[in-house]
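[1] Quick one: sequence and predicted model below, then my questions.
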Amino acid sequence: MGNASWNVLNPKGKYRVIVTKTLPGSRWIDILTAADCRVDVCQEKSVLDVETIRAAMVNRCHGAIGQLTESWGEALFTALKAAGGTAYSNYAVGYNNVDLAAATRAGIPVGNTPGVLTETTAEMAVALTFAAARRLGEAERFMRAGRYTGWLPDLFLGSLLNGKTLGIIGAGRIGAAYARMMIQGHGMSVVYYDLDANPELENFVSEFSKFRDTWGLRPVTCRRDADLEALLKAADCVSIHTVLDDSTHHLINAHTLGLMKTDAILINTSRGPVIDEAALVDHCRNHPDFRVGLDVFEHEPAMAPGLAELDNVIVVPHIASATRWTREGMAILAACNVAGLLRGDPLWGKPDIEPFLGEHPPRAIPSIVNAEELGLNT
């Protein structure tokens, strides 16, 4: 299986499943072994290349759980099919690392792990927002360096967000959850940019504004804007929650950055290549009051030259989903996808995946992103 080190669980299992990273918790292992799977788990911390993963399949591999850092394309899905594979799950809600057309051509259903990352990722976006607004990175480095000699009226002046305008790029589950947190907690009004309207979010804000009125608080509003440039000009803070595809690659670039307020805040917890990182470095150098919070990077794990040296940028290592509950839940869903496919279970077909996190998960497949293309019945 190449040079990588693998740990084999339930070696006499009928089905062989490879898992390209050790996953948190143990319930996912129980789910796979209960489905009569031998589970080969890679012990390496580094990102596996295509050849290493293909070598691990050898001539017998019925299913796989892979990572968003790996390139799952024609070569791997063809090899998986040739090894007897009928199941793949990404250990992530996103799947821009997966060539879905190649998987479909090979007849391989592709699972993902939605529903357990929503609040966790939204909370990280909130944390980055206030870390950037209140200059926490700068202030902590200042304090740790022993430079604090006493309170000063103008020491690390930041931005007050209460009552300001929040711009959301991508008002899906995570974007809407982040919007609600900022609206409820900080009285911000929202403008969102999305291909589809989110009437549920708009109705929530309308009702919440009525509640605020009963307490004598100023109203909050929510509206969809079909013009991204108008949103960028109006917002005091912009948070990105869109998918990554050809239309969103470098959506934030030198031109669009130039439309934003010079003291605006930009947050990204979606995918790194949505931002032209070199352009962002230049913009932040030229606009020291512009503040940024990043959890993802264009050429991850590398950062664009100069980014790490910028005081007005907060950077964290792709940890938006990093709570134990979420990461263990992702492992459970990925395992249920693979086990369900191997057993021939039906698709779950419901947005609520909480039942899979209980002691007795349903005999169903939580989420297959190419189900329609493969003609799988719900």
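    Everything's here; your move. Numbering: from 1, shown residues only.

[2] The nearest residue to Pro355 once chain neighbours are set aside: what secondary structure?
    Closest residue in space to Pro355, ignoring its immediate chain neighbours: Pro362 at 5.4 Å, by CB to CB, 6 or more residues apart in numbering. Where C-beta positions appear, they are placed from N, C-alpha and C, glycine not excepted. On the three-state scheme (DSSP: H, G, I helix; E, B strand; the rest coil), Pro362 is labelled coil.

[3] my read: Pro362 touches Phe356, true?
    Yes. Assessed by CB atoms under 8 Å, Pro362 is found in contact with Phe356 at 6.8 Å.

[4] ok, those two, which is more surrounded?
    Phe356 (26 against 16; other CB atoms under 10 Å).

[5] shared neighbours, Pro362 and Phe356?
    Trp348 (CB atoms under 8 Å, 6 or more residues apart in numbering).

[6] Pro305: neighbouring residues, count only.
    With neighbours defined by other CB under 10 Å, the count for Pro305 comes to 10.

[7] what about it, helix or strand, and which?
    When elements are defined using DSSP states H and E, Pro305 is found to belong to no helix and no strand.

[8] what's it in contact with, if anything?
    Contacts here follow CB under 8 Å, 6+ apart; on that basis Pro305 touches 278, 281.

[9] Quick check: the gap between it and Ser5.
    In this view, Pro305 and Ser5 are 34 Å apart by CB to CB, to the nearest Å.

[10] what do you get for Phe156?
    Here the criterion is CB to CB. By it, Phe156 lies 46 Å from Ser5.

[11] Kindly report the same for Thr52.
    From Thr52 over to Ser5 (counting by CB to CB), the distance is 11 Å.

[12] quick one: which of those two has more around it?
    Thr52 (18 against 10).

[13] how about the host helix or strand of that one: buried residues?
    Thr52 belongs to helix 50-57 when assigned by DSSP H and E. Of the residues in helix 50-57, 52-54, 56-57 count as buried by neighbour count, 16 or more other CB atoms under 10 Å.

[14] With pLDDT as extra columns, can I get those residues in JSON lines?
    Shown next, in JSON lines, are the buried residues of helix 50-57 (pLDDT from 0 to 100):
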{"residue": "Thr52", "pLDDT": "96"}
{"residue": "Ile53", "pLDDT": "97"}
{"residue": "Arg54", "pLDDT": "96"}
{"residue": "Ala56", "pLDDT": "96"}
{"residue": "Met57", "pLDDT": "96"}
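
[15] Relative to Glu123, which of these is nearest.
    Glu123 lies nearest to Ile53 out of these, by CB to CB, at 32.3 Å.

[16] separation between that closest one and Trp28?
    As for Ile53, its distance to Trp28 is 19 Å (criterion: CB to CB).

[17] what do you get for Asp40?
    Distance check for Asp40 against Trp28: by CB to CB, it reads 14 Å.

[18] what about those two, which has more around it?
    Remark: of Asp40 and Trp28, Trp28 carries more neighbours, 25 against 22, as counted by other CB under 10 Å.

[19] Confirm the more buried one sits in a helix?
    Yes. Going by three-state DSSP, the assignment for Trp28 places it inside a helix.
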